[in-house]
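Novice: this one's sequence-less:
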Ligand SMILES: Nc1ncnc2c1ncn2[C@@H]1O[C@H](COP(=O)(O)OP(=O)(O)OP(=O)(O)O)[C@@H](O)[C@H]1O
Ligand SMILES: [Mg+2]
C-alpha cells in the first residue's frame, strides 16, 4: 500500500516577498486513498493550499507532512511522489516540445541527475497516454493542441511518476461534459489503487460515485472538512461560499 | 591548438578564439532565448562590459572585473526587483542603462587621459593580439557549457518548458537557473576581449534565433545553434583577417543577415498547402 497521507497542523503560508500569510492556521489529516474535493470562492486560497502540500510555497507557521515526510525540509522528495496538475497554463504554439516529451517530464525528478529515460520509463509513459486516450497525439507539438487535449497531457504527466498523492487544480475547466466523466472515471480508478487525490473543482456534476471528503476554503481559512456522498458536495459548497458559485 | 591546420599564427589564434567563444555563447544562448530571458543575458553582457572598463581603469584584470560585475547583476536581480516592487524587466532596463553609462564613462575618460589602453578592443573586440591563456580559458568554458547541457539536459529542457511544471516534477529549478547565470557571466566575460562589449549580445541571441527557425526539438536547437555560430564565426575570422576587415562587426552583420534569410526560409512560418 502506498503512503499518501497528508497532515497539516496549524499551517500558514505566505508568498515570497510578502509577510501576510494567504492561508492561515489550516489543520487536517487525509488518509491514503481518500478522494478530497476542495471548494471555495475565487481567491479563497485553494491553489495556495495545493502548493503548500507539495512544498512549493514557504510555510511560515505550523507543520505539514506528506507521505510521512516534512514538507518544509523535504519538498523535492515529496514532489517526486506527488503529482500536481497546475490550474493556469498556456503554451507557445511553436514551443519545441511534443506530447511525448511533456508526459515524460513527469518522471524527470524521479530519474535524478544524469539519467536519461529508459525503456521502462517509455513503457509507463505509453501506458498512461493510453489510459487517457492521448496515444495518438504523442508526436504532436503541445502548443498546437486544444486546451482540453493539453489538460489531458498534463494529467498524464502527473501520473507517469506513479504518484502516492495527486493534486489537481480545476482539471475540468477546459473539458467538455463527456471528457469530464471520462477523466472522473480515470481518477476513480487511480484512487482505487490507493493514490490520495486532492482536487480543486467547481464541477460538482463530475465527481466519482464514491464517498469523498469535502474541504471548503474561504478567505484563507478552512471552514468545512467532512466526508460526504458525491451528490451532497454541491449543496455544502454552495451554502458555505455564500452562493457565489456558477 | 590548430597550428597544424592554419600556418599563420595570428589567424590560427583568432580562429580558435572565435570557435570556442561562439560555441559557449550560442549553447547558453539556446537556453536564454527559449526561457525568454534575453533581457537578463543582455544586461549581464553589458555588466561584463562595464566591469571590464572600470576594472582596467583601476588597474585590475579586465576579465576578472567583468566576471564579478556580471555575476553581481545576476545575483542582485531577484532581490532588487522584489525590493523595488517593480517588474524584473523594468529593473533590467534600468540596470542596462546604468551599465552602458559606466562602461562609456570609463572608456571616454581613459581615451581623454590617453592611458594607452586599447579601448576600441573593449568596444568592438580584437582577435589579433590574443594571449594563449585567453584561448585556453575560452576552450575550457566552451567545454563546460557543453557538459552543463549534456549533464542537465532533462532538467534544462523541463525548466525551458515551464518553470512551475519543472518544479512540480521534483526538479531543483533554482540551482539550475543560478548555474546558468554563472556560466553566462563567465562566457561573456571571457568573450568580451575578442568580440567586444557592443556586439557580444549578438553571439548570445542570434545563432539560437537562427536555429529556432529550423528546429522543432530542444535537442536539435542545441546542435544547430553552435554549429551555425561556429561556422560563421570561424569563416568570418578567417576571411576578415585575410582582407583586413574588422572581424567582430563583420561576423555580427553576417549573423543578422542570416537570421533574416532564416526567417524567410523557415518551415515554421510556411503555411501548409490548402489552408
Ligand atoms: N504569487 C502570489 N503572490 C502574492 N499573493 C498571491 C499570489 N498568488 C495568489 N495570491 C493571493 O493569495 C490569495 C489566494 O489565491 P489562490 O490562488 O490560492 O486562490 P484560489 O482559491 O485558487 O482562487 P481561484 O478560484 O481564482 O483559482 C489571493 O488573495 C491572491 O491574491
Ligand atoms: Mg486557484
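Specialist: Everything's here; your move. If you're wondering where the values come from, they're calculated on a predicted model, not measured in any experiment. Residues are numbered from 1 along each chain as shown, chains lettered A, B, ... in the order given. Ligands and ions are numbered 1, 2, ... in the order given.
Novice: okay, which residue is most central for chain A?
Specialist: Nearest residue to the geometric centre of chain A (C-alpha atoms, centre = their mean): residue A:167, 1.7 Å.
Novice: how close does residue B:182 sit to residue B:74?
Specialist: Here the criterion is C-beta to C-beta, to the nearest Å. By it, residue B:182 lies 7 Å from residue B:74. C-beta: built from backbone N, CA, C; applies to glycine.
Novice: More neighbours: these two, which one.
Specialist: Between residue B:182 and residue B:74, counted using other C-beta atoms under 10 Å in any protein chain shown, residue B:74 has the larger neighbour count: 20 against 17.
Novice: Residue A:81: how many residues sit nearby?
Specialist: Using other C-beta under 10 Å, the number of residues around residue A:81 comes to 21.
Novice: so what's the residue lying closest to it once chain neighbours are set aside up against?
Specialist: Closest residue to residue A:81 apart from its sequence neighbours, by C-beta to C-beta, 6 or more residues apart in numbering or on different chains: residue A:164 at 4.8 Å. Shown here is residue A:164, whose contacts under the criterion C-beta atoms under 8 Å, 6 or more residues apart in numbering or on different chains are A:2-4, A:32, A:67, A:81-82, A:195-196.
Novice: For stretch B:165-180, which outside residues touch it?
Specialist: Applying C-beta under 8 Å, 6+ apart, the external contacts of stretch B:165-180 come out as A:54, A:56, A:76-77, A:79-80, A:83-84, A:86, A:89, A:105-110, A:154, A:157-158, A:161, B:28, B:31, B:74, B:148, B:152, B:154-156, B:158-159, B:163.
Novice: at 7 Å what do you get?
Specialist: Identification of contacts with stretch B:165-180 by C-beta atoms under 7 Å, 6 or more residues apart in numbering or on different chains yields A:54, A:56, A:76, A:79-80, A:84, A:86, A:105-106, A:108-110, B:31, B:148, B:152, B:155-156, B:158-159, B:163.
Novice: in that stretch, what's buried?
Specialist: Of the residues in stretch B:165-180, those buried by neighbour count under the rule 16 or more other C-beta atoms under 10 Å in any protein chain shown are B:165-173, B:176-177, B:179-180.
Novice: can you check stretch A:227-243 too?
Specialist: When burial is assessed from 16+ other C-beta under 10 Å, stretch A:227-243 yields the following buried residues: A:230, A:233-234, A:236-237, A:240-241.
Novice: same deal with stretch B:108-116?
Specialist: Here stretch B:108-116 shows residue B:110 as buried, counting by 16+ other C-beta under 10 Å.
Novice: got the phi/psi numbers for residue A:171?
Specialist: When quoted as degrees, to the nearest 10, the phi and psi of residue A:171 stand at phi -70, psi -10.
Novice: give the contact list for the residue nearest to it when sequence neighbours are not counted.
Specialist: Counting by C-beta to C-beta, 6+ apart, the nearest residue to residue A:171 once its immediate chain neighbours are dropped is residue A:85, at 5.5 Å. Each residue near residue A:85 by C-beta under 7 Å, 6+ apart is listed here: A:154-155, A:158, A:168-169, A:171.
Novice: Who is residue A:85 paired with across the strands?
Specialist: The bridge-partner assignment for residue A:85, based on DSSP bridges, gives residue A:168.
Novice: Tell me how far it lies from residue B:165.
Specialist: From residue A:85 to residue B:165 the distance is 9 Å (C-beta to C-beta).
Novice: I'd like to know which residues of chain A are adjacent to chain B.
Specialist: Within chain A, the positions adjacent to chain B are A:17, A:54, A:56, A:76, A:79-80, A:84, A:86, A:94, A:96-97, A:102, A:105-106, A:108-111, A:113-114 by C-beta under 7 Å from any C-beta of the partner chain.
Novice: same thing but at 6 Å, please
Specialist: Taking C-beta under 6 Å from any C-beta of the partner chain, the part of chain A that reaches chain B is made up of A:17, A:76, A:79-80, A:84, A:86, A:94, A:96-97, A:105-106, A:108-109, A:114.
Novice: So which of the residues you listed belong to strands?
Specialist: Of the positions in the residues of chain A next to chain B, residue A:84 sit in strands, assigned by DSSP state E.
Novice: Among the residues of chain A next to chain B, name the buried ones.
Specialist: Listed as buried from the residues of chain A next to chain B are A:79-80, A:84, A:86, A:96-97, A:105-106, A:108-109; burial here means 16+ other C-beta under 10 Å.
Novice: if we take those, which one ends up nearest to ligand 2?
Specialist: Ligand 2 lies nearest to residue A:86 out of these, by C-beta to the ion, at 9.3 Å.
Novice: so what's the backbone phi/psi at that closest one?
Specialist: The phi/psi pair for residue A:86 (degrees, to the nearest 10) is phi -70, psi 160.
Novice: would residue B:216 count as being in a helix?
Specialist: No: with the criterion set as DSSP: H, G, I helix; E, B strand; the rest coil, the secondary structure at residue B:216 is coil rather than a helix.
Novice: tell me the pLDDT at it?
Specialist: Note on residue B:216: pLDDT of 88.
Novice: Work out for me the element residue B:93 sits within.
Specialist: With secondary structure defined by DSSP states H and E, residue B:93 is part of helix B:88-113.
Novice: does that helix come close to chain A?
Specialist: No: where contact is defined by C-beta under 6 Å from any C-beta, no part of helix B:88-113 touches chain A; the two come within 12.3 Å at best.
Novice: And the average pLDDT for the helix or strand following that helix is what?
Specialist: Tracing the chain C-terminally past helix B:88-113 and defining elements by DSSP H and E, one meets helix B:119-124 next. Confidence over helix B:119-124, taken as the mean pLDDT, stands at 82.
Novice: ditto for stretch A:73-84
Specialist: Confidence for stretch A:73-84, expressed as mean pLDDT, is 94.
Novice: who touches that stretch?
Specialist: Contacts with stretch A:73-84, where a contact means C-beta atoms under 6 Å, 6 or more residues apart in numbering or on different chains, come from A:54-55, A:66-67, A:69, A:109-110, A:158, A:163-167, B:168, B:170.
Novice: Great, nothing more from me.
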